[in-house]
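A.B. asks: model this:
(chains A, B, C and D)
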There are 2 protein chains.
Amino acid sequence: MDVQRLLIFREIARTGSIASAARSLGWTQPAVSQHLRHLERQAGTPLVLRRPRGVQLTEAGRALLRHADAIATRVEAATADLDALVQLRAGTVRLAAFPSAGATLVPAAMSLLARRHPGLDVRLREAEPPQALGLLAAGDVDVAVTFAHAGEEPPGTGELARVPIGGDPLRLVLPSSHPSAHPSDTPLDLRALAHEKWVGGCERCTAHLRQACEAAGFAPDIRHGTDDYVLTQALIARGLAVGLLPQLALDAARDPGVAVRPATGIRPRALYVLHHREADQIPAVRSALRALQDTAAGRVPF
Amino acid sequence: MDVQRLLIFREIARTGSIASAARSLGWTQPAVSQHLRHLERQAGTPLVLRRPRGVQLTEAGRALLRHADAIATRVEAATADLDALVQLRAGTVRLAAFPSAGATLVPAAMSLLARRHPGLDVRLREAEPPQALGLLAAGDVDVAVTFAHAGEEPPGTGELARVPIGGDPLRLVLPSSHPSAHPSDTPLDLRALAHEKWVGGCERCTAHLRQACEAAGFAPDIRHGTDDYVLTQALIARGLAVGLLPQLALDAARDPGVAVRPATGIRPRALYVLHHREADQIPAVRSALRALQDTAAGRVPF
DNA sequence: CCGACCCCCAAGCAATACTTATGGCATGGA
DNA sequence: TCCATGCCATAAGTATTGCTTGGGGGTCGG
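C.D. replies: Purely as a prediction, here's the structure:
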């Protein structure tokens, strides 16, 4: 059963004649007549009786018309649904972000997005970059905010598209009572802390710290490990260690007992947004990407 | 929104990939791929993400799929409804018949029809031929059983198709005590009743009687008029008149006080079934026509 | 009786839809 | 590592489909 013809038949029934249906559809009368003929052949029975002033539906025609009406209604509903998604009056974006971004940049972007498109349902899930890749691959999130330290392989391959949205500088974090704690806005060389005890961040962050220290000529004495930046600062504030924390983490939460200084020779970690290669054609995803880029542009340097 | 493509999309969603949908549809992969592309262009957003092992529906795709499922269900229901009508497991035929046929031939045909197609809803409405034409024209009945006396213009013109189903001989009806009442199976000449009082039937029947008598060389003394064949016979049985009644009317009801003889030189009235010219393509109508013809073949001579 | 308005049919042309042929990409096993 | 497999896309050619044009027949109302 050809559904397109069903809708043409509906127009015939609505207007009462083949000729008027043709006018209403912008076609010639034989075009509509042929469609009706095909439909009747498929149906195996006449759908209308040809009368001098138009057509009159047969029983089969009346039965078919009921279904055609229902189908037309559904088609209109489908069109309306799609329209709402395209114009962002409806829809969902599911974000994944690593903790320090999820506490700073991402909420700001989500708020921007909510202002731009109040109908959009934006959802956030916290995940470290490796897990975020899995979520993306499994289709559990649409967009993932990740990072890579300098020298690291940037995340995302093949399937996934990677959009750089800026850099996040790493800061040396010391107890505020530490002799090297000041002046806070001038860079400090890693070597000045070669003999300190260190606290490492997540696995990759700890590896990056170790690598940076080796490049500076020493092996750090890493005593503690946590990817919780509040915990890290608590350890530091109590004089138990020093650390290297990204600016975003410090923006998210700042222990009053720590001092922060730029580090010389340590390149910022790079921030990326990942999504499926074609997903940026999806309006909701595209708008989320824009919001993240716009937010990052005002927050983190490149 | 192209509904046919919607159903193709549904197949993609069902099978999980474009290639498998193509196999399932008996097409090549690019054919389906192009349909999907067109659908996405119309939709204004991707409906699936192309993944290495197939496709994954986007939010818009999932929304569209729900509607596509509903539409497919409706299409199946429509097909099933049509099938039932074509195979006469369902459907309606509305008959009109003049009284004496409606009491004899038509009920027999209806009963035959009911045996052949138990699902069919057969309805009868009594109507004299002129009114039956109106009912047909108004679409209030599908089939009309009518008659025309010899020499009369047969009913039905243009719009309507006429199917002769036999002849209905006219009988002279006398009081059983009448001297000409016997022998009952030999024809009697009209002229033998030239000086009787007559009872006429319906308007056209009375006109026909007058004409037949004139052809026989006399003007009948028509005292009474009714199209009710029971009433007619009651008048005759009591000796108040003689009459000319069709065999069908006598089959329908027979007053024991009347005698019946064939009439010489009076041709039977012709029985016709009328329907809209194209309506015999409608299964229910066709089956009703067949049943009427089959019944008439065993009941009335041609 | 004519004009208006239905409808159908046949033939021609243009748009659509499907096929064939080819290439890229990701995954999994030798 | 490389090859085989299975997925998808693109491009070009062809075959079908679908619409138009130009006929003709019928019914109805002025």
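A.B. asks: can you give me the mean pLDDT across stretch A:254-270?
C.D. replies: Mean per-residue pLDDT for stretch A:254-270: 92.
A.B. asks: First-to-last residue distance for that stretch?
C.D. replies: Distance across stretch A:254-270, first residue to last, is 22 Å (Cα to Cα, to the nearest Å).
A.B. asks: How far does that stretch sit from its chain's centre?
C.D. replies: In terms of Cα atoms, centre = their mean, to the nearest Å, the centre of stretch A:254-270 is set 29 Å apart from its chain centre.
A.B. asks: residues of it that come out buried?
C.D. replies: A:D255, A:V258, A:A259, A:V260, A:R261, A:A263, A:I266, A:P268, A:R269, A:A270 (16 or more other Cβ atoms under 10 Å in any protein chain shown). All C-beta spots, glycine's among them, are computed from the backbone N, C-alpha and C.
A.B. asks: now the helices for the stretch 201-302 of chain A?
C.D. replies: A:203-216, A:229-237, A:247-252, A:283-297 (DSSP state H, counting those that start in this stretch).
A.B. asks: lowest-confidence stretch among those helices?
C.D. replies: Among those, helix A:203-216 scores lowest, at a mean of 89.
A.B. asks: how does chain A divide into domains?
C.D. replies: Domains of chain A are assigned by automatic domain parsing as A:3-86, A:92-160+A:278-297, A:170-267.
A.B. asks: what sits against A:D251?
C.D. replies: With contact set as Cβ atoms under 8 Å, 6 or more residues apart in numbering or on different chains, A:D251 has these partners: A:S100, A:T104.
A.B. asks: Counting by contacts, list what the helix ranked longest in chain A packs against.
C.D. replies: For chain A, the helix with the greatest residue count under DSSP state H is helix A:59-86. Under the contact criterion of 3 or more Cβ pairs under 8 Å, 6 or more residues apart in numbering or on different chains; DSSP states H and E, helix A:59-86 touches helix A:3-15, helix A:283-297, helix B:3-15, helix B:59-86.
A.B. asks: Including mean neighbour count and distance to A:G239, could those helices go into a markdown table?
C.D. replies: Shown next, in a markdown table, are these (neighbours: other Cβ atoms under 10 Å in any protein chain shown; distance: least, Cβ to Cβ, whole Å):
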| stretch | mean neighbour count | distance to A:G239 |
| --- | --- | --- |
| helix A:3-15 | 20 | 75 |
| helix A:283-297 | 21 | 34 |
| helix B:3-15 | 20 | 60 |
| helix B:59-86 | 19 | 51 |
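A.B. asks: Would you mind putting these into JSON lines with distance to DNA strand D alongside?
C.D. replies: Converted to JSON lines, the helices and strands packed on helix A:59-86 look like this (distance: least, Cβ to the nearest atom of the strand, whole Å):
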{"stretch": "helix A:3-15", "distance to DNA strand D": "7"}
{"stretch": "helix A:283-297", "distance to DNA strand D": "17"}
{"stretch": "helix B:3-15", "distance to DNA strand D": "7"}
{"stretch": "helix B:59-86", "distance to DNA strand D": "12"}
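A.B. asks: do you know which of the ones you listed lies nearest B:G151?
C.D. replies: Nearest to B:G151 among the helices and strands packed on helix A:59-86 is helix B:59-86 (40.9 Å), distances taken as Cβ to Cβ.
A.B. asks: Show me how far the helix or strand that the closest one is followed by is from its chain's centre.
C.D. replies: Later in the chain than helix B:59-86, the nearest helix or strand by DSSP states H and E is strand B:92-97. Its chain's C-alpha centre and that of strand B:92-97 lie 5 Å apart, by Cα atoms, centre = their mean.
A.B. asks: Strand B:92-97 and chain A, are they touching?
C.D. replies: Yes: residues of strand B:92-97 contacting chain A under Cβ under 8 Å from any Cβ of the partner chain: B:T92.
A.B. asks: Output the contacting helices and strands for that strand.
C.D. replies: Counting by 3+ Cβ pairs under 8 Å, 6+ apart, strand B:92-97 packs on helix B:105-116, strand B:121-126, helix B:129-138, strand B:143-148, helix B:283-297.
A.B. asks: One more pass at 10 Å, please.
C.D. replies: Applying 3 or more Cβ pairs under 10 Å, 6 or more residues apart in numbering or on different chains; DSSP states H and E, one finds that strand B:92-97 contacts helix A:59-86, helix B:99-102, helix B:105-116, strand B:121-126, helix B:129-138, strand B:143-148, strand B:269-276, helix B:283-297.
A.B. asks: who's in contact with A:Q4?
C.D. replies: A:H35, A:L39, B:D2, B:V3, B:Q4, B:R5 (Cβ atoms under 10 Å, 6 or more residues apart in numbering or on different chains).
A.B. asks: follow-up on the earlier one: measure how far the longest helix of chain A is from the centre of its chain, please.
C.D. replies: On Cα atoms, centre = their mean, the centre of helix A:59-86 falls 33 Å from the chain's centre.
A.B. asks: does that helix come close to DNA strand C?
C.D. replies: No: figure legend: helix A:59-86 not in contact with DNA strand C (Cβ under 7 Å from any atom of the strand); closest approach 12.6 Å.
A.B. asks: now the most far-flung residue of chain A relative to its centre, nearest residue through space, not along the chain?
C.D. replies: Distance from the centre of chain A peaks at A:P52, with 61.0 Å (Cα atoms, centre = their mean). Nearest non-adjacent residue to A:P52, counting by Cβ to Cβ, 6 or more residues apart in numbering or on different chains: B:E159, 7.3 Å away.
A.B. asks: Kindly report the same for A:S20.
C.D. replies: A:G54 (7.5 Å).
A.B. asks: Test my guess that A:V106 contacts A:L292.
C.D. replies: Yes: when contacts are counted by Cβ atoms under 10 Å, A:V106 is listed as touching A:L292 (7.3 Å).
A.B. asks: mind checking how far A:Q211 is from A:D227?
C.D. replies: Distance, A:Q211 to A:D227, using Cβ to Cβ, to the nearest Å: 17 Å.
A.B. asks: separation between the residue nearest to A:P52 and DNA strand C?
C.D. replies: Using Cβ to the nearest atom of the strand, to the nearest Å, B:E159 is found at 12 Å from DNA strand C.
A.B. asks: Which residues are in contact with the spatially most central residue of chain A?
C.D. replies: Closest residue to the average C-alpha location of chain A: A:V143 at 2.8 Å, with Cα atoms, centre = their mean. For A:V143, the contact set (Cβ under 10 Å, 6+ apart) comprises A:93-97, A:106, A:109, A:122, A:124, A:132, A:136, A:163, A:273-276, A:279-280, A:284-286, A:288-289, A:291-292.
A.B. asks: Run through the bridge partners of it.
C.D. replies: Bridge pairing for A:V143 (DSSP bridges) gives the partners A:L95, A:H275.
A.B. asks: any idea how far A:Y272 lies from DNA strand D?
C.D. replies: 25 Å.
A.B. asks: same question but for A:I165, I mixed them up
C.D. replies: 27 Å.
A.B. asks: so which of the helices and strands packed on helix A:59-86 gets nearest A:A43?
C.D. replies: Smallest distance to A:A43 across the helices and strands packed on helix A:59-86 (Cβ to Cβ): 5.0 Å, for helix B:59-86.
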